[in-house]
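K.L.:
sequence first, then the predicted structure:
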Amino acid sequence: MKYALYTGCVAKGAGRELLVATYLACEKLGIELVEMTDASCCGAGVINEDNPLVGDMLNARTFSLAEAQGLDIMNICTTCQGVHRKSQRKMQRKPEYMERVNAELERDTGRRYAGEVKVKHFYEVLLHDYGLTRLKEKVVRPLAGLKLGAFYGCYATRPPEVNDLENPDDPDELENLIEVLGATPVRYGDRLKCCGFPIAMMNKKNSMQLGGNAIVSAQEAGADAMVTPCPLCHLNLDAYQPEIESRVGRKLRMPILHIPQLVAMALGVPKDAVRLETHIVRPTGILAS
Amino acid sequence: MAGSKVTFRIQRFDPSVDREPHDQDFEIELPPGITILKALNKIRAEQDPTLALRYSCGSAICGSCAMKVNGHARLACKTQVADCVTDGVLRVAPMGNLVVLRDLVVDMEPFWSSLGRVKPYLVDDGGPAPEQERKQAPEQFLKIDPSTTCILCAACYSDCNVLEVDQRFVGPASLAKAHRFIFDSRDVATPERVREISRKTGVWDCTHCGECSTRCPTETKPLERIEEIRTKAMADGVHDNYGARHALGFRETVGKRGLLDENYLPARSMGFLNLPGLLSLVPVGLRMIVRGKNPPLIPHSIEKADEVVRIFARFEELRK
């Protein structure tokens, strides 16, 4: 198995531990990754709002780069994943718009997007391409005793037409993954809510309250830690957790993990190597190194 | 599902007796092809006439019967029971973000007030009224076609993540209504509307959770209308707010190196002269430095960044 790895900006910046863990997990699984060092930011929905055509051109360029390599794209950020899929769907539904995007893109870069590449998140690769049965066979250090709350993040579930979840209103996919890794999934009320990150700069109070509600909800349901497929959710819930604690008026100390960190550890990668110590809230208990 | 039995787990609340809402189960025999609204009326007719709910047309036009089905807002008249049953059970509750008056009936007043905030009426040029109607060409109407389909059911309001933490947010239905007039070729108040809606509690306070569009039973799809308002605000140069500066930060850094500069963006969003705003970023910045997870001081560039630079060089031209 081989994918073009689209890192996104955060895994190259404030969430470098995500990239490290992704490589370690994929090495254990025998998944070959070719990093897309020439792909740009997906626009995170922001460029796409500022100028929709430019947003789609950036993404069409990224898709064309993967097509040139003959590889499907693997994302490690659900925001990138959602923005990519939205772009793809928009072009797929309106061939005349796709032609416009391609004409403009060709003018600036000489590239064209053929509409062939598939875009998948790491967890979708595990669920659909690799398969949970095969993954289970590879687990050498089950995360037994760990109660984990999956925090899906908005883009993983909404809009439902651009994700692959069987039941986006009440999904099981990440819980199934957690179970395969030997941990105990905890379902909680706010697991499909927004983490608040997109408005961290516009309305910090609301952003922190959204993050706080999510963590409190997971904690009250008994989660020892939360795990997310989105590094932006990770930033808000982990890096801003002290501000979140002030906002909700109580200590939370909730460790937030990236999915590849979890997978890598269950596959036998040493805890130190997945860099849990770089998180603002360092895990304790069985995750402590 | 023909002739099968289903348990409706309905949230009940009678303010004259109950201190808290509670669930009550009703088991009913269901004919095939029945909607939730019909099933609820069957329960009222056969088991408990005190069950309170709002409904009128039964045809997804009046927007009266929005309620939570299995935790998400839907029109009861447009939803088949058979699509919502898990292990023989279907859960029904009143809409969220609004005060429950009784059972499934909520106080809609905050919703109507929020609509009033966006001046939901056409502001004409003040000239003498035309003999016939004020005309629009079909291509002019197409721009507002989606936002005119809103039936004011408040399903988006019910499930909006931001309203859950801040009732001052104007909300998705009102933003869609604002869209309907901002993009109306006959309205003369567009510049004012865009400026007004760019202020705090307006269009930039939406967190993009997508609940509104996912729950919307019509083609209104508020999130897409919110995105279009933001596009217009950016194009019209209404940049004096956190959201627009944040978008400019993306444009300026991605347009130069292909990747986002996570050190520059927060400062740009706050505004370089906004000292309290900049100071509010210090704790998280220091925390990240201590953990060694601060973004690199010299920002990364992608390979072949010149291709992206060429795209951004035509940014304004590519708006057309």
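P.N.:
That came in fine, so what should we check first?

K.L.:
quick check: closest non-adjacent residue to the residue of the stretch 201-320 of chain B found nearest chain A.
P.N.:
Residue nearest to chain A within the stretch 201-320 of chain B (CB to the nearest CB): B:Gly210, separated by 3.3 Å. Where you see a C-beta, it was placed from the backbone N, CA and C, and this is true even at glycine. With CB to CB, 6 or more residues apart in numbering or on different chains as the criterion, B:Gly210 has its nearest non-adjacent residue at 3.3 Å, and that residue is A:Arg158.

K.L.:
quick check, pLDDT for that neighbour.
P.N.:
At A:Arg158, the predicted lDDT confidence score is 95.

K.L.:
for whatever residue of chain A ends up closest to chain B, what are its contacts?
P.N.:
When you check chain A against chain B by CB to the nearest CB, the closest residue turns out to be A:Arg158, at 3.3 Å. Contacts for A:Arg158 were tallied using CB atoms under 8 Å, 6 or more residues apart in numbering or on different chains; they are A:168, B:209-211, B:213-214.

K.L.:
can you rerun that using 7 Å?
P.N.:
Taking CB atoms under 7 Å, 6 or more residues apart in numbering or on different chains as the contact definition, A:Arg158 lies against B:209-211, B:214.

K.L.:
among these, name the ones in strands.
P.N.:
If you go by DSSP state E, those have nothing in strands.

K.L.:
in JSON lines: the residues you listed, plus pLDDT and neighbour count.
P.N.:
Putting the contacts of A:Arg158 into JSON lines (pLDDT from 0 to 100; neighbours: other CB atoms under 10 Å in any protein chain shown) gives the following:
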{"residue": "B:Cys209", "pLDDT": "97", "neighbour count": "28"}
{"residue": "B:Gly210", "pLDDT": "97", "neighbour count": "24"}
{"residue": "B:Glu211", "pLDDT": "98", "neighbour count": "32"}
{"residue": "B:Thr214", "pLDDT": "97", "neighbour count": "22"}
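
K.L.:
sitting in helices, which of those do you find?
P.N.:
B:211, B:214 (DSSP state H).

K.L.:
now residue 143. Its backbone dihedrals?
P.N.:
Just so you know, I chose chain A. The phi and psi torsions at A:Leu143 (degrees, to the nearest 10) take the values phi -90, psi 50.

K.L.:
count of neighbours near the residue lying closest to it once chain neighbours are set aside?
P.N.:
Beyond its immediate neighbours in the sequence, the residue positioned closest to A:Leu143 (CB to CB, 6+ apart) is A:Ala183, lying 4.0 Å away. A total of 24 residues lie near A:Ala183 under the criterion other CB atoms under 10 Å in any protein chain shown.

K.L.:
next: the one 5 residues further on.
P.N.:
Here the count is done by other CB under 10 Å, and A:Tyr188 has 22 residues near it.

K.L.:
please apply the same query to B:Tyr242.
P.N.:
Here the count is done by other CB under 10 Å, and B:Tyr242 has 23 residues near it.

K.L.:
mind listing what it touches?
P.N.:
B:Tyr242 makes contact with A:201-202, B:204, B:269, according to CB under 7 Å, 6+ apart.

K.L.:
swap in A:Asn176?
P.N.:
When contacts are counted by CB under 7 Å, 6+ apart, A:Asn176 is found next to A:Leu132.

K.L.:
help me confirm that it is found in a helix?
P.N.:
Yes. Note on A:Asn176: a helix contains this position according to DSSP: H, G, I helix; E, B strand; the rest coil.

K.L.:
any idea where the strands of chain B begin and end?
P.N.:
Across chain B, reading from the start of the chain, the strands by DSSP E fall at B:5-12, B:22-29, B:66-69, B:72-75, B:89-93, B:100-102, B:105-106.

K.L.:
columns mean neighbour count on top of the ones you listed, output as CSV?
P.N.:
Below are those laid out as CSV (neighbours: other CB atoms under 10 Å in any protein chain shown):
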stretch, mean neighbour count
strand B:5-12, 18
strand B:22-29, 13
strand B:66-69, 25
strand B:72-75, 24
strand B:89-93, 20
strand B:100-102, 17
strand B:105-106, 20
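
K.L.:
and the ones you listed: which comes nearest B:Leu286?
P.N.:
Ranking the strands of chain B by proximity to B:Leu286 (CB to CB) places strand B:72-75 first, at 40.5 Å.

K.L.:
helices or strands up against that closest one?
P.N.:
Applying 3 or more CB pairs under 7 Å, 6 or more residues apart in numbering or on different chains; DSSP states H and E, one finds that strand B:72-75 contacts strand B:66-69, helix B:155-159, helix B:211-215.

K.L.:
among these, which is nearest B:Lys143?
P.N.:
Checked against CB to CB, the stretch from those lying closest is helix B:211-215, at 17.7 Å.

K.L.:
who touches the closest one?
P.N.:
Residues from elsewhere that reach helix B:211-215, judged by CB under 7 Å, 6+ apart: A:158-160, B:72-74, B:155-156, B:159-161, B:172, B:221-224.

K.L.:
picking up where we left off before, and the gap between the residue nearest to B:Gly210 and A:Ala44?
P.N.:
Noted for A:Arg158: a distance of 16 Å to A:Ala44, by CB to CB, to the nearest Å.

K.L.:
same thing with B:Met67?
P.N.:
Between B:Met67 and A:Ala44 the computed distance is 34 Å (CB to CB).

K.L.:
mind naming the longest helix for chain B?
P.N.:
helix B:242-257.

K.L.:
just to check, A:Leu181 is in contact with A:Arg141?
P.N.:
No. In this structure, A:Leu181 is not within contact of A:Arg141 by CB atoms under 7 Å, at 9.2 Å.

K.L.:
how many other residues sit next to A:Thr133?
P.N.:
When counting by other CB under 10 Å, one arrives at 8 neighbours for A:Thr133.

K.L.:
pull the contacting residues for B:Pro94.
P.N.:
The contact partners of B:Pro94, by CB under 7 Å, 6+ apart, come to B:11, B:67-68, B:100, B:104-106.

K.L.:
equivalent analysis for A:Asp164, please.
P.N.:
Remark: with contacts taken as CB under 7 Å, 6+ apart, A:Asp164 is in contact with A:124, A:128.

K.L.:
next, it: phi, psi?
P.N.:
Dihedral angles phi and psi of A:Asp164 (degrees, to the nearest 10) take the values phi -100, psi 20.

K.L.:
burial of A:Lys136, as a residue count?
P.N.:
Around A:Lys136 sit 14 other residues, with neighbours defined as other CB under 10 Å.

K.L.:
if you could redo that for B:Tyr55, that was the one I meant.
P.N.:
Counted by other CB under 10 Å, the residues lying close to B:Tyr55 total 18.

K.L.:
that one and B:Lys38 touch, don't they?
P.N.:
No. The pair B:Tyr55 and B:Lys38 does not pass the contact test of CB under 7 Å, sitting 10.0 Å apart.

K.L.:
ok, and what's touching the helix-or-strand element of chain A with minimal mean pLDDT?
P.N.:
Comparing helices and strands within chain A by mean pLDDT, DSSP states H and E singles out helix A:154-157 as the least confident, with a mean of 94. Applying CB under 7 Å, 6+ apart, the contact partners of helix A:154-157 are A:78-79, A:81-82, A:163, A:165, A:168, A:171, A:192, A:194, A:229-230, B:208-210.

K.L.:
among those residues, which one sits closest to B:Val81?
P.N.:
Each of those was checked against B:Val81 using CB to CB; the closest is A:Pro168, at 19.9 Å.

K.L.:
and the closest one, how far from B:Arg19?
P.N.:
35 Å.

K.L.:
higher neighbour count, these two?
P.N.:
A side-by-side neighbour count of A:Pro168 and B:Arg19, using other CB under 10 Å, places A:Pro168 first with 19 against 7.

K.L.:
look at the nearest residue to that one once chain neighbours are set aside and say how many residues are nearby.
P.N.:
In space, and not counting its chain neighbours, A:Pro168 is closest to A:Pro160: 4.1 Å by CB to CB, 6+ apart. Other residues lying near A:Pro160 total 13 when counted by other CB under 10 Å.
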